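Participant: All I have is the shape, not the residue letters:
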């Protein structure tokens, strides 16, 4: 009876390996999945069918490029993107020459020089997107006391992630009867307090897309949300690819261990 118990233990170990395989595959390939949840007091955002969702999801580079255009022409007037360097934009499908040309459109404050002074120079691919304001106090003064958040990690910093951001951009409505909105605030059903200091940032036809795509509010909201999702997690595709490699390795390993265990314990009489 004892050899049989040992054999069962050997098979049990192989089953543990397989169970571990399932867990690792779920975490490595699918990654962290944030369900759409409502901010306290706000309406739950509708779940969107993003191209980057799921184990096989990837970024839509055309949408990312349009989203970059929306950020540059609209969002960058108030919001910084301080964790993204111009050279990172090659991942969106731009050539090094295009990135160099784009970065040169910006003036970067650098220094101090040999005289101890700061100076302005043309942007380089290694530079990060410059902030629209010199400091937080200047940002608050220009926005009625509200500090526009940096957008580098916004989809990871807000419950609901990309779904929430898209809903927020498209969620401006007339306040329902009996709901008083103070001057300088705007009713948004997805915001926690439903009263937002940011005016509706997008209007129909506001951006003339380089690829000719019609620039509806819905389209611009979707594109800029996808761009900011990439900014927050540019390694997403590489992580999923690595996850599949780990999955394949663990599968082969589990098969080898199963048959090796079976062969070893088959000799026990």
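Facilitator: Yep, that arrived. Everything numeric in this text was worked out from a predicted model, so none of it was measured. Residues are numbered from 1 along each chain as shown.
Participant: what separates the most centrally placed residue in the chain from residue 124, distance-wise?
Facilitator: Residue closest to the average C-alpha location in the chain (C-alpha atoms, centre = their mean): residue 229, at 2.1 Å. Separation of residue 229 from residue 124 (C-beta to C-beta, to the nearest Å): 26 Å. Every residue, glycine included, has its C-beta placed from N, CA and C.
Participant: ditto for residue 79
Facilitator: To residue 124, residue 79 is 22 Å away according to C-beta to C-beta.
Participant: the more surrounded of the two?
Facilitator: A count of neighbours by other C-beta atoms under 10 Å puts residue 79 above the other of residue 79 and residue 124, at 23 against 16.
Participant: which stretches of the chain aren't confidently modelled?
Facilitator: Within the chain, the stretches with pLDDT under 70 are 1-41, 269.
Participant: could you redo the last one with a cut-off of 80?
Facilitator: Along the chain, segments meeting pLDDT under 80 span 1-42, 266-269.
Participant: Now do the helices in it.
Facilitator: Secondary structure of the chain, counting by DSSP state H: helices at 2-25, 61-73, 96-103, 136-142, 154-157, 161-170, 217-232, 236-265.
Participant: Determine the set of other helices and strands touching the second one.
Facilitator: Right, helix 61-73. With contacts taken as 3 or more C-beta pairs under 8 Å, 6 or more residues apart in numbering; DSSP states H and E, helix 61-73 sits against helix 217-232.
Participant: got the angle for the helix it packs on vs helix 236-265?
Facilitator: Angle, helix 217-232 to helix 236-265, by axes from the mean of the first three to the mean of the last three C-alpha atoms, to 10 degrees: 60 degrees.
Participant: Next, the residues that contact helix 217-232 from outside, please.
Facilitator: 48, 50-52, 59-60, 63-64, 66-71, 74-75, 81, 83-84, 91-92, 151-156, 161-162, 165-166, 169-170, 202-204, 206-207, 213, 236 (C-beta atoms under 8 Å, 6 or more residues apart in numbering).
Participant: Please pick the buried ones from these.
Facilitator: 48, 50-52, 59-60, 63-64, 66-71, 74-75, 81, 84, 92, 151-152, 154-155, 161-162, 165-166, 169-170, 202, 207, 236 (16 or more other C-beta atoms under 10 Å).
Participant: Correct me if wrong: residue 63 contacts residue 52.
Facilitator: No: using C-beta atoms under 8 Å, residue 63 is not in contact with residue 52, being 9.8 Å away.
Participant: tell me the domain boundaries of this protein?
Facilitator: As recorded under automatic domain parsing, the domains making up the chain are 1-30+238-269, 35-84+146-234, 85-127.
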